[in-house]
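Q: sequence unknown, structure follows:
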């Protein structure tokens, strides 16, 4: 489709058409901005702002055929604005050279900085008309015809200026210019990073992006609120169907409306949402409110520690929070897999801790299993950046939260997976006596045994026996997950709530005192425990 038809469609509000326009002009805009301000990162920022300005001003463009020159003027205006805002003491070139290069050490980064400095210096030394054409030509291999259209010049003039650049630059420098600009060109998904708001309600914003390239949950987005001359930061908490992502604001967001442009730089959120924002999100995003005169109903997960110590409510909400490397996203994935076909389902609010060092990107943790990061059948998942103060007690006070699953890195160090902490996890079904009395009594005994074991200092026979039984319960709660099968090389298991409760009660009553602790570790039900014991006994 030609540019004029795309512009006409975009003028009618067609975001996909504008995204195609962005794809066609993004590299030329970047090269033009780079020629003006000679700063790689700021040039990319200029291009993003220029496309935002173009989207808002598109309806004022009388002649769609004039778009290249009109848009070039917007880029030039944005670039000059950046130049005016630079402080006299700043060093724009040095700022551009601080860009991290993945996989390189200090020596490699220094070498890269020196190479970019030399390239930008060589380009800066060219006469302005020659500099523009040269930069455009070597950014993503823009053709002479494309450059001529964008700059409003004859093709012969473009060719003459390229020839002049080759005469002015040494052959080695010319090669370095080409290689460096190609290495630092705009990312291929740049056009897909521009979206627009389609719905807002109180503290929730829904944004439409290219369905094939959505920002991940926990990604930070910037809403361009042009009427108020401000930028509003929002965080992706859920992926919906049709290219829509659901977000909550991280800064004051009054006045956001459908049609506003949203930019994604692909940055992960660094600041956890505040208590007020989380409270509002839980209230607005949770599933339908249950009828007040209807008793809550347990929804079985087949996960022993959850069904026994923090049972979930059908159609209810659960908060999952954990420390770094405690496997929060794995627990969320497993719940989605097990409950996605259960009537009523659940709404999961996952508080994922910040990653550090070489942790895998959050997206990779579910992409291999095909998890959408949003809705899986009857299960909704919402992702927030966690923080240490989000304790079980604090999360339990959030409105509409029925259960809290708290994960512990200490259990991970013991090899207890899932790392659900029975002492810190909560369920209103247990707290309010809404489960079978025997179930509540067993859960209470487990908590007492684990707490007493943690505080036990005496070496009395009774104290030692209690420790042994508590350790057996703790190891019994370790359980293979289905989503972990490719990594643990064994099948996931499901254990009914009734059997899990029975085995816990028998352990606490001393029925299995003669069985070793190892027999209970990372197993399913009693049949597997006995089979494990028999296998050990039959070894020579």
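A: Okay, I see it. Everything numeric in this text was worked out from a predicted model, so none of it was measured.
Q: From residue 146, how far out is residue 158?
A: Distance, residue 158 to residue 146, using CB to CB, to the nearest Å: 9 Å. All C-beta spots, glycine's among them, are computed from the backbone N, C-alpha and C.
Q: What of residue 343?
A: The value you get for residue 343 to residue 146, if CB to CB is used, is 56 Å.
Q: Can you pick out the residue with more neighbours from those two?
A: residue 146 (19 against 9; other CB atoms under 10 Å).
Q: contacting residues for residue 9?
A: Residue 9 makes contact with residue 17, according to CB atoms under 8 Å, 6 or more residues apart in numbering.
Q: For it, which three-state class applies?
A: With DSSP: H, G, I helix; E, B strand; the rest coil as the basis, residue 9 sits in helix.
Q: could you pull out the strands for the stretch 301-450 of the chain?
A: 312-313, 317-322, 347-352, 375-376, 379-385, 403-407, 426-427 (DSSP state E, counting those that start in this stretch).
Q: list the helices and strands the longest one packs on?
A: In terms of contacts (3 or more CB pairs under 8 Å, 6 or more residues apart in numbering; DSSP states H and E), strand 379-385 is packed against strand 230-239, helix 275-285, helix 328-339, strand 347-352.
Q: Please apply the same query to the last one.
A: Judged by 3+ CB pairs under 8 Å, 6+ apart, the packing partners of strand 426-427 are helix 392-396, strand 403-407.
Q: Surely residue 245 forms part of a strand?
A: Yes: with three-state DSSP as the criterion, residue 245 is located in a strand.
Q: which non-adjacent residue is nearest it?
A: residue 236 (4.9 Å; CB to CB, 6 or more residues apart in numbering).
Q: what does residue 449 give?
A: Among residues not flanking residue 449 along the chain, residue 470 sits closest, at 4.2 Å (CB to CB, 6+ apart).
Q: Quick check: buried residues in the helix or strand encompassing the one you found?
A: Residue 470 belongs to helix 461-476 when elements are defined using DSSP states H and E. For helix 461-476, the neighbour count (16 or more other CB atoms under 10 Å) marks 466-467, 469-476 as buried.
Q: Relative to residue 202, which of these is nearest.
A: Checking these against residue 202 by CB to CB gives residue 474 as the nearest, at 42.6 Å.
Q: So the closest one sits against residue 450, correct?
A: Yes: here residue 474 lies in contact with residue 450, judged by CB atoms under 8 Å, at a distance of 6.9 Å.
Q: any shared contact partners between these two?
A: Common neighbours of residue 474 and residue 450 (criterion: CB under 8 Å, 6+ apart): residue 422.
Q: can the buried residues of helix 461-476 go into CSV with extra columns for pLDDT and distance to residue 283?
A: Converted to CSV, the buried residues of helix 461-476 look like this (pLDDT from 0 to 100; distance: CB to CB, whole Å):
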residue, pLDDT, distance to residue 283
466, 90, 42
467, 90, 43
469, 95, 42
470, 95, 38
471, 95, 40
472, 96, 41
473, 97, 36
474, 96, 35
475, 96, 39
476, 97, 37
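Q: from these, which is closest to residue 428?
A: Residue 428 lies nearest to residue 473 out of the buried residues of helix 461-476, by CB to CB, at 22.6 Å.
Q: How about the closest one, nearest residue that isn't a chain neighbour?
A: residue 507 (5.3 Å).
Q: Who is residue 197 paired with across the strands?
A: On the basis of DSSP bridges, residue 197 takes part in beta bridges with residue 207.
Q: got the contact list for residue 305?
A: Applying CB under 8 Å, 6+ apart, we find residue 305 in contact with 418, 420, 422, 425, 477, 479.
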